[in-house]
Structures are given as C-alpha cells and as structure tokens.
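Student: mind looking at a prediction? Sequence and model below.
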Amino acid sequence: MKPQHVIIILNNGSGLEDGPERKAKIAERFEHHGIPASFVTFDPGADLEKTAKDTALKSPNSTIVASGGDGTISGVSAGLAGLPNQFGMIASGTFNYFARSLNLPETVEEAIDVIARGKIRPTGIAMINDKVFLNNASIGAYAAILQTREGIYKRWGRSRVAAYWSVVKALATLRAPLKLTVTYDGKSFNHRTPIVFAISNAFQLNQMGLSGEDCIANGRMVLLIAPDTNRWGLFKHAAALAFGMAKRQTDYKMHCSSEFTLEMSHKSRAVARDGELARMNGPFKLSMRPNALNLIVPEAFDEPVR
C-alpha cells in the first residue's frame, strides 16, 4: 500500500552522501510519487534507537525511512521493533548487507520507488542481550577491526578495499584469545578463539563463502567460532572470510540455534553490532525475535530467507 506520509531519518554528520544534495534528491523523488515527506536528522553518537522510537510513537500512521548504512538501518530498526509503522530503507553504506539481502536497490531513486510501490513483509530481528542486530554481532578480534577501520576510513575514505585492509592491520596487533563457554539446546562447549561471530542474515553468510541458509530459513542464527591458531592462521581465516573462500568446519566451527548463551571470564566486553561498537556486560544471550518489523520490500521479492 502506498505510504500516506514518510519520515526520513538520516545522519547529519556522514558527509556529502547524506548532505543537502542527497536530502533534496530524496524529497524530490517522494514528491514525484505524490508522497509528503519530512526529515529527522541525528548527529554521530546520538541515541538512534530512541530517536526512531520517539518519531514512530508521535506519528504511528507514518512510514519511517532509514537513510544510511547498516549501522543506521540497524539503529532505526531497534527503535521500530514491535511498532506498527511501516519501515523503508534507502541504503548508502559500504556493504549494505541487510538491504541487499532483501533485493533492495542501492540508488536513491530506485529505493524510493520500492517504498512507494512495494509490499509489506513482516521480518524478524536478532538480539544480543537487549540490543538489536540485523546482520551480525561479534566479540573478539572484530572489535579491534572496527576501531582500526575508522582510522583508515578517515585517511583513505570509505570503500570495501579499505574495510578489508583494516582486517589485516588490526589482526597484526591481536593479543590473547577468548576463553568462552557456549551453551545452546541443552549442550555446552568450551572454546579458545580470537573471534566469535553471530550471523542472522543469509545474504552475508553467502558473501562470506559459508553455508547455513537452512539454519536462518528456520528462524535461527548461525554462530561462527574461529579456531585458536597462530597469527598466520588467523590471517588465513580472516582472508578466507574477506574473499568469500571460507570453508565450514575448516576455517570456522559453525553452530545453529535460535538461542545461545556466551560466558567468559571478563564480564565487560567490546561488542560489535552491524558495524557499530559498544561495551556490554555478559553473560551474552543471543536470541531471535520473529516478525518484529513491517518492512517494505520489492513487489517481486518472495525469497524464503533473507
């Protein structure tokens, strides 16, 4: 059903991509479809979940649109979870895993065309404790990768090559592995690993060169645990992921469930969720929340998994 009104939430501080020209282009395209549009902007570091939730509660009949990368879309999704508002996306990030998993186009005009003409698809989200993620959540080496990546982006700009280089640079300084206990389906396993990686997005799993679509299709998530190895082995595993050549049970141990509990000696850990980094206290409970979002997807989209 065509939206009667849209509210676009976008980042004030992400440079030219979400600057005045992009804002004008978005408004013009919605006007082309005869849809009134207004904007809510936020600054880096703002509580995006609260911004999205407050916006939706004030306008329960409006369609909320997130304009940005996976981090922005994930933050807006967290605020909209369980609310009746329709949710559209204009993806403008580096990877755009969530948008691409739904066959959403990556140009402003085509993304807005989908919002104007698409259909509603109830879609689940994943949680780590009380925080939402749409693609992945990770503890361990990936946190260091994110910190390194931001410095590389500032110097060289945002690109997939820069993102991959940050993996190599960060792993060169990696220290001791995690010691953790993973519990699910009544079973517990002890691991030593530099990284534990939960994925709820089948598209990203495929991009990493790994199977597991059946797990996600059944409403569960995949937990990847890298083997405890020397620095060269860790480089090999990271490169296998970056270039889509990872092998199940060789480069990563794979578990599948709708709920996991991760326990480790240090309670407070840096946790990466959809590219955003924050400290959280354990133990860490991973779970699925079905049908939490009313997503607008292309009319022709009928894939069983995302």
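Tutor: In hand now; what should we look at? Small disclaimer: the values here were computed from a predicted structure and weren't measured.
Student: going by C-alpha atoms from here, please, whenever you check contacts or count neighbours.
Tutor: Noted.
Student: and Ser92, how far from Gly140?
Tutor: According to C-alpha to C-alpha, to the nearest Å, Ser92 stands 27 Å off from Gly140.
Student: counting contacts, what elements does the top strand by length along the chain pack onto?
Tutor: Using DSSP state E, we find that the single longest strand of the chain is strand 284-297. Using 3 or more C-alpha pairs under 8 Å, 6 or more residues apart in numbering; DSSP states H and E, the elements in contact with strand 284-297 are strand 86-91, helix 108-117, strand 119-128, strand 259-264.
Student: buried residues in the second one?
Tutor: Meaning helix 108-117. 108-109, 111-116 (16 or more other C-alpha atoms under 10 Å).
Student: closest one of those to Thr193?
Tutor: For the buried residues of helix 108-117, the residue nearest Thr193 by C-alpha to C-alpha is Ala111; the value is 39.6 Å.
Student: doesn't Arg100 make contact with the closest one?
Tutor: No. Distance between Ala111 and Arg100: 11.1 Å, which falls outside the contact criterion (C-alpha atoms under 8 Å).
Student: adding distance to Thr63 and pLDDT, write the buried residues of helix 108-117 out as JSON lines.
Tutor: Shown next, in JSON lines, are the buried residues of helix 108-117 (distance: C-alpha to C-alpha, whole Å; pLDDT from 0 to 100):
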{"residue": "Val108", "distance to Thr63": "17", "pLDDT": "94"}
{"residue": "Glu109", "distance to Thr63": "17", "pLDDT": "96"}
{"residue": "Ala111", "distance to Thr63": "14", "pLDDT": "96"}
{"residue": "Ile112", "distance to Thr63": "12", "pLDDT": "97"}
{"residue": "Asp113", "distance to Thr63": "14", "pLDDT": "97"}
{"residue": "Val114", "distance to Thr63": "13", "pLDDT": "97"}
{"residue": "Ile115", "distance to Thr63": "9", "pLDDT": "98"}
{"residue": "Ala116", "distance to Thr63": "10", "pLDDT": "97"}
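Student: closest to Arg289 out of those residues?
Tutor: Ile115 (23.8 Å).
Student: name the residues of stretch 197-210 that are buried.
Tutor: For stretch 197-210, the neighbour count (16+ other C-alpha under 10 Å) marks 197-205, 207-210 as buried.
Student: ok, of those residues, which one's closest to Arg289?
Tutor: Nearest member of the buried residues of stretch 197-210 to Arg289, counting by C-alpha to C-alpha, is Ser200, at 11.0 Å.
Student: so who does that closest one touch?
Tutor: 125-126, 134-136, 216, 220-222 (C-alpha atoms under 8 Å, 6 or more residues apart in numbering).
Student: quick one, which of those are buried?
Tutor: Buried, going by 16+ other C-alpha under 10 Å: 125-126, 134-136, 216, 220-222, out of these.
Student: which parts of the chain are helices?
Tutor: With helices called from DSSP state H, the chain shows them at 20-32, 48-58, 70-80, 97-101, 108-117, 141-156, 160-171, 202-207, 213-217, 231-242.
Student: which stretches of the stretch 201-306 of the chain have low pLDDT?
Tutor: Within the stretch 201-306 of the chain, the ranges that satisfy pLDDT under 70 run 229-251, 304-306.
Student: ok, 80 please
Tutor: Applying pLDDT under 80 to the stretch 201-306 of the chain flags the ranges 207-211, 228-252, 275, 303-306.
Student: thinking again about what came up before, okay, the buried ones among the contacts of Ser200 in TSV with distance to Met280 next?
Tutor: Below are the buried ones among the contacts of Ser200 laid out as TSV (distance: C-alpha to C-alpha, whole Å):
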residue	distance to Met280
Ile125	19
Ala126	16
Leu134	18
Asn135	18
Asn136	15
Ile216	25
Arg220	23
Met221	20
Val222	21
